[in-house]
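Trainee: Any chance you can model this:
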Amino acid sequence: GRGNEIVLMETATGRDAGRLIDPALSKQAGARGNVAHLDLVQALAFHPSGELLASGGYREIKLWRKPNGGKHADLAPAAEPIKCVAVS
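Mentor: Coordinates of the predicted model:
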């Protein structure tokens, strides 16, 4: 995560392999460019299969699935900080 962007890197070469972009954010006021979150990306976690990535920002978690690179789901903002999430 770099700021509010998620950049994918090739581990063997260190080259930029792409970015995860939420197209809905480019339509919102205040969003700049092709970003993944409005706020900073604070956490990233891959599923052991490597097919799913969870990204966490301020009171927001997004799930990204590998085949199409698009956002899988949004969880509603919480009134309190999110401390734990389980997905099945």
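Trainee: can you give me the mean pLDDT across the helix or strand residue 62 falls within?
Mentor: Residue 62 belongs to strand 60-65 when elements are defined using DSSP states H and E. Along strand 60-65, the predicted local confidence has a mean pLDDT of 91.
Trainee: ok, now stretch 77-88?
Mentor: Stretch 77-88 shows a mean pLDDT of 73.
Trainee: Which residues does it contact?
Mentor: 54, 56, 59-61, 63, 75 (C-beta atoms under 8 Å, 6 or more residues apart in numbering). Every C-beta, even on glycine, is put in place using the N, C-alpha and C of the backbone.
Trainee: before we move on, back to that, partner strands of the strand holding residue 62 and their direction?
Mentor: Counting by DSSP bridges, the strands paired with strand 60-65 are strand 52-57 (antiparallel), strand 71-74 (antiparallel).
Trainee: Could you tell me the least trusted of those strands?
Mentor: Note on these: lowest mean pLDDT is at strand 71-74, with a mean of 61.
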